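> What would the 3D arrangement of this be:
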Amino acid sequence: MVTKIGVLREGKVPPDKRVALTPEKCVEVMERFENVEVVVQPSSIRAFKDEDYTKLGIKLQEDLSDCDVIFGVKEVNKEDLIPNKHFFFFSHTYKKQPYNRALLNAIIEKKIQLTDYEVLTDENNLRLIGFGRYAGIVGAYNGFRTFGLKHKLYDLKPAHQCFDRAEMEGQLSKVSLPNNMKIVLTGYGRVGYGAREILALLPIKEVTSEEFLNQEFTEPVFTQLNVDEYNAREDGAEFDKNAFYKDGSGHVSTFPRYLAHAHMYIACHYYHVSAPFLYTREDMKNEEVVTSVVADISCDIDGPVASTIRPSTIADPIYGYNPETEQEVDFMEEDAVAVMAVDNLPCELPRDASEDFGKELMKSILPALLEEDPTDIIGRGSETTKEGKLTEKFSYLEAYVRGEE
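Okay, the predicted model is just below:
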């Protein structure tokens, strides 16, 4: 029996040029897995052109209704949902996001099995797939671009105007940083390690948090903080990382002390609502603060990073935050902190991000879907069933689906 996989055309506005499976990955899927056929819906906006697929023998097909499994990237428009199929995409519903309640209702009504990339995990509950690495890569690049513009030191080409990552990285040769520059980075997940890939391409020395706070340097330096280096127990007891991850209440942020040393802050951490804010608007008013650029890749609005008061866009990625007035201003104003808070960073390098995503699909997801799945990766990552019901793991969404919360 042949399993037919369809690669969906992205329909969100503004357009998303990424794709779950690149032309080369489509070929690889059919070569590796027996009795699998891959077809691709034509697209005029995708980073990979239709002819990139057809020249490798991949069939273009407008109507995907004869496919068993359909792979997209972002939320699928309700009118593009095909009943009784198995869809993979980022639905942004598992946190009860109100703007996607109608989408989840449509999925249930059409008896679609939705497997959400965001909740695909291994047996240790670690995420298996995502675009976080490229969010970190592009976000860190954008941070250095912002610093150059803010201080009139150099001008980098916007990442989305580069053909690919190689061209973008070539721009880094223009970067010229002050000898005493200090950069602080939070986060050790996919995003944080992605940001480090950019830092590794620049002449910036890594130092410990203690060195960062207590020493001066004659070369640019950075430090990458773990949660215990910017959080502490309110009662003064020893910090317990596992307990903090379960419940961040009863803790205080010790991050504000870094603002007196860090000229640039790159935020790549995961934030839970129970945890304290990293720094508040009052913290930003301290006259000892030297931070002039914040590249907020995590992009939690009006939350843990006080200067992030709204998301920015790929077309207009930088805005200013005035700590005294707590208002948005031109980022070039002398007292303004330049904020880069683009919330869809991987879209700036759609070719590379798509290639990386396809590798993760091949490594961890497709074998579980098309061969054996001993740890029930697909089942645990599915929010709905083809019977038109929420799965047991996601039954907590019942009230959300009904519009009661």
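> Give me the helices and strands touching the longest helix along the chain, please.
Secondary structure of the chain per DSSP state H: the longest helix is helix 132-150. With contacts defined as 3 or more C-beta pairs under 8 Å, 6 or more residues apart in numbering; DSSP states H and E, helix 132-150 has these neighbours: helix 165-170, helix 190-199, strand 264-267, strand 293-296, strand 337-340, helix 350-360. All C-beta atoms are positioned from the backbone trio N, CA, C, and that covers glycine.
> can you give me how far that helix is from the chain middle?
For helix 132-150, the gap between its own C-alpha mean and the chain's C-alpha mean amounts to 13 Å (C-alpha atoms, centre = their mean, to the nearest Å).
> Turn the helices and strands packed on helix 132-150 into a markdown table, including mean neighbour count, mean pLDDT and distance to Pro83.
Converted to a markdown table, the helices and strands packed on helix 132-150 look like this (neighbours: other C-beta atoms under 10 Å; pLDDT from 0 to 100; distance: least, C-beta to C-beta, whole Å):
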| stretch | mean neighbour count | mean pLDDT | distance to Pro83 |
| --- | --- | --- | --- |
| helix 165-170 | 16 | 98 | 39 |
| helix 190-199 | 22 | 97 | 34 |
| strand 264-267 | 28 | 98 | 41 |
| strand 293-296 | 27 | 98 | 40 |
| strand 337-340 | 26 | 98 | 42 |
| helix 350-360 | 21 | 97 | 27 |
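> Looking at these, which is nearest to Asp68?
Asp68 lies closest, by C-beta to C-beta, to one member of the helices and strands packed on helix 132-150: helix 350-360, at 19.0 Å.
> Contacts for the closest one, please.
16-22, 24-25, 46-48, 73, 128-131, 133-134, 163-165, 346-347 (C-beta atoms under 8 Å, 6 or more residues apart in numbering).
> angle of that helix against helix 132-150?
150 degrees (axes from the mean of the first three to the mean of the last three C-alpha atoms, to 10 degrees).
> angle of helix 350-360 against helix 190-199?
Helix 350-360 runs at 130 degrees relative to helix 190-199, counting by the same axes, to 10 degrees.
> so where do the helices sit in this structure?
23-32, 50-54, 101-109, 132-150, 165-170, 190-199, 209-214, 241-246, 281-284, 350-360, 366-370, 377-380, 398-401.
> ok now the fifth one, how far from the chain's centre?
Chain-centre distance of helix 165-170: 20 Å, with C-alpha atoms, centre = their mean.
> Which residues are in contact with the residue nearest the centre of the chain?
In the chain, the centroid-proximal residue (C-alpha atoms, centre = their mean) is Gly132; its distance is 4.0 Å. For Gly132, the contact set (C-beta under 8 Å, 6+ apart) comprises 189-191, 194.
> Nearest to Pro276 among those?
Gly189 (19.3 Å).
> still on that earlier bit, tell me the most buried of the helices of the chain?
Of all these, helix 132-150 carries the top mean neighbour count, a mean of 25, counting by mean count of other C-beta atoms under 10 Å.
> Report the rounded mean pLDDT for it.
Taken as a whole, helix 132-150 has a mean pLDDT of 98.
> what's the domain layout of the chain?
3-129+350-401, 132-348 (automatic domain parsing).
> returning to that earlier point: any chance of a markdown table for the contacts of Gly132, columns distance to Ala243?
Shown next, in a markdown table, are those (distance: C-beta to C-beta, whole Å):
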| residue | distance to Ala243 |
| --- | --- |
| Gly189 | 19 |
| Arg190 | 24 |
| Val191 | 23 |
| Gly194 | 28 |
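> Closest to Leu114 out of those?
Nearest member of those to Leu114, counting by C-beta to C-beta, is Arg190, at 22.6 Å.
> Quick one: residues in contact with the lowest-mean-pLDDT helix or strand in the chain.
None of the helices or strands of the chain scores lower by mean pLDDT, DSSP states H and E than helix 241-246, at a mean of 91. Residues from elsewhere that reach helix 241-246 (C-beta under 8 Å, 6+ apart): 226-228, 231, 251, 272, 275.
> The same query, at a cut-off of 7 Å, please.
227-228, 231, 251 (C-beta atoms under 7 Å, 6 or more residues apart in numbering).
> centre of the chain versus that helix, how much separation?
22 Å.
> Please apply the same query to stretch 301-309.
17 Å.
> again, but for stretch 50-68
Relative to its chain's centre, stretch 50-68 lies at 28 Å (C-alpha atoms, centre = their mean).
> quick revisit: now the two most distant members of the contacts of Gly132.
Across the contacts of Gly132, the longest distance by C-beta to C-beta is 9.0 Å; it joins Gly189 and Gly194.
> And the nearest residue to Asp155 once chain neighbours are set aside, how close does it get to Pro178?
In this structure, Asp155 finds its nearest non-sequential neighbour in Gly148, 6.1 Å apart by C-beta to C-beta, 6 or more residues apart in numbering. Separation of Gly148 from Pro178 (C-beta to C-beta, to the nearest Å) stands at 11 Å.
> Please apply the same query to Ile314.
28 Å.
> More neighbours: the two, which one.
Ile314 (18 against 12; other C-beta atoms under 10 Å).
> How about the more buried one, nearest residue that isn't a chain neighbour?
His160 is the one closest to Ile314 (C-beta to C-beta, 6+ apart), at 5.3 Å.
> So the one you found versus Val293, what's the distance?
Distance from His160 to Val293, by C-beta to C-beta: 19 Å.
> No further questions, thank you.
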